[in-house]
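Here is a sequence with its predicted model. Questions after.
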Amino acid sequence: MILVTGTVTAKPDTIAQMTREALAHVHRSRREPGCISHEVAIDPENPLRLVFLERWEDVAALKAHFRVPASRAFWQLLQDLAADAGAMHLYDASRITL
């Protein structure tokens, strides 16, 4: 499983639009093949910061997601609206039980 974490910080006048666009992106992404989960939340310590958490079946599914034109357009829009572009981190993960 591939785990993706990410953050982006909005400007005070762009947070509403960024949140709407992020929710539309999340809902669209959840319908893609190989998407296990895709979420966005507002950081309670910084209400201008969006936090993304995604789980994908494999690298191929994630690469396909990155090739979707709407995904690329969403990423560009976030960069245009952001106060801080933030970061994205990818991990190869497996579930464990304790």
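Yep, that arrived. Residues are numbered from 1 along each chain as shown.

which residues of this structure fall in helices?
For the chain, the helices defined by DSSP state H occupy 15-30, 59-67, 69-81.

Pull out the buried residues from the shortest one.
Residues of helix 59-67 classed as buried by neighbour count (16 or more other C-beta atoms under 10 Å): 61-62, 64-65. In this view, the C-beta of every residue, glycine as well, is placed from N, C-alpha and C.

angle of that helix against helix 69-81?
When axes from the mean of the first three to the mean of the last three C-alpha atoms, to 10 degrees is applied, the directions of helix 59-67 and helix 69-81 differ by 60 degrees.

what does helix 59-67 contact?
2, 4, 29, 32-35, 56, 71-72, 90 (C-beta atoms under 8 Å, 6 or more residues apart in numbering).

quick revisit: between the helices of the chain, which one is nearest to L98?
Among those, helix 59-67 comes nearest to L98, with 26.7 Å by C-beta to C-beta.

tell me the mean pLDDT for the closest one?
Averaged across helix 59-67, pLDDT comes to 97.

which residues pair with the residue positioned nearest the centre of the chain across the strands?
Taking C-alpha atoms, centre = their mean, the centroid of the chain lies closest to F52, which sits 4.2 Å from it. For F52, the beta-bridge partners under DSSP bridges are G6, V40.

From A82, how far off is it?
Taking C-beta to C-beta, to the nearest Å as the measure, F52 falls 13 Å from A82.

what is in contact with these two at once?
Listed as contacting both F52 and A82 by C-beta under 8 Å, 6+ apart are V8.
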